[in-house]
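S.K.: no sequence on this one, just coordinates:
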């Protein structure tokens with residue numbers, strides 16, 4: 001078990017707007033939602049048991065017409081922060097620019113809600129896909145089928161170079177970890193040309209900015225992840241990954257909550 005003391009200070013949560021903002025994001029992590037009290041100086045200790053749940057599963061049956069892309073999405077929350085890996089007919093899938101699976105190392109004290117999308121461009125008559133979610137020693141899975149309709153869905157090497165607006169395929173929606181931890185927030189992207197990834201932040205106290213190479217605590221990796229080292233209480237707020245190329249852009253928000261260890 002993991003013990004995290006969630007300190008909700010009146011200086012940060014005393015205002016109704018700020019309180020509502022924090023609670024709105026923490027509802028994505030139902031295990032701790034009731035442990036947060038707003039508008040009161042309070043210290044709560046919560047037993048963070050090892051838990052894992054899939055909250056969104058891919059549709060069981062997915063037709064794949066020729067010339068189209070099928071999107072399979074899996075979403076889960078858990079502690080430690082879960083990872084998602086996709087399998088096609090029991091074989092792991094690796095087929096986009098940076099990694100098709102969420103393989104970020106997570107801290108044992110972390111809790112997160114992760115979303116992962118797989119883009120299926122080719123189907124051999126009928127294929128089974130499985131979303132495998134891991135959190136510590138716990139494992140959950142959700143399976144579905146993708147079946148070809150009329151015509152071939154085979155993707156040529158040339159077609160892989162066609163213009164593609166950025167798609168963010170892996171990200172956290174919410175993330176909690178102990179103050180002082182080294183944090184990695186994923187932002188796995190597919191696109192052609194290869195998208196440029198930038199991160200911005202907006203703290204709960206109203207300040208905002210862009211992560212630059214001169215930031216001593218925050219660094220954007222080539223693969224798109226944001227490193228925060230170490231995590232501070234002042235980091236509480238929303239971090240946004242922006243993926244851009246000449247054909248479009250997309251963004252994904254991650255709400256980060258630093259917690260005190262008990």
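M.R.: Looks like it arrived, so ask away. This is a predicted model, so every value here is computed, not measured.

S.K.: tally of neighbours for residue 234?
M.R.: 13 (other Cβ atoms under 10 Å). (C-beta placed from N, C-alpha, C; glycine too.)

S.K.: Who is the closest residue in space to residue 92 that isn't next to it in sequence paired with across the strands?
M.R.: Sequence neighbours aside, residue 85 is the residue nearest to residue 92 in space, at 6.3 Å (criterion: Cβ to Cβ, 6 or more residues apart in numbering). For residue 85, the beta-bridge assignment (DSSP bridges) gives partners residue 132.

S.K.: wouldn't residue 85 be in contact with residue 76 here?
M.R.: No. Taking contacts as Cβ atoms under 8 Å, residue 85 lies outside contact range of residue 76: 11.6 Å.

S.K.: more crowded one of these two?
M.R.: Neighbours were counted for residue 85 and for residue 76 using other Cβ under 10 Å; residue 76 has more, 25 against 20.

S.K.: The more buried one: what's it in contact with?
M.R.: Taking Cβ atoms under 8 Å, 6 or more residues apart in numbering, we find residue 76 in contact with 52, 53, 54, 55, 56, 82, 84, 113, 114, 133, 135, 140.

S.K.: Please list only the buried members of those.
M.R.: Buried members of these, counted by 16 or more other Cβ atoms under 10 Å: 52, 53, 54, 82, 84, 113, 114, 133, 135, 140.

S.K.: How many residues are close by residue 144?
M.R.: When neighbours are counted by other Cβ under 10 Å, residue 144 comes out with 18.

S.K.: Where do the helices of the stretch 1-150 of the chain begin and end?
M.R.: For the stretch 1-150 of the chain, the helices defined by DSSP state H, counting those that start in this stretch occupy 10-13, 16-26.

S.K.: mean pLDDT lowest for which of those helices?
M.R.: Note on the helices of the stretch 1-150 of the chain: lowest mean pLDDT is at helix 10-13, with a mean of 28.

S.K.: Would you mind stating the distance between the nearest residue to residue 257 once chain neighbours are set aside and residue 231?
M.R.: Once flanking residues are discounted, residue 257 sits nearest to residue 176: 4.5 Å by Cβ to Cβ, 6+ apart. Taking Cβ to Cβ, to the nearest Å as the measure, residue 176 falls 10 Å from residue 231.

S.K.: No further questions, thank you.
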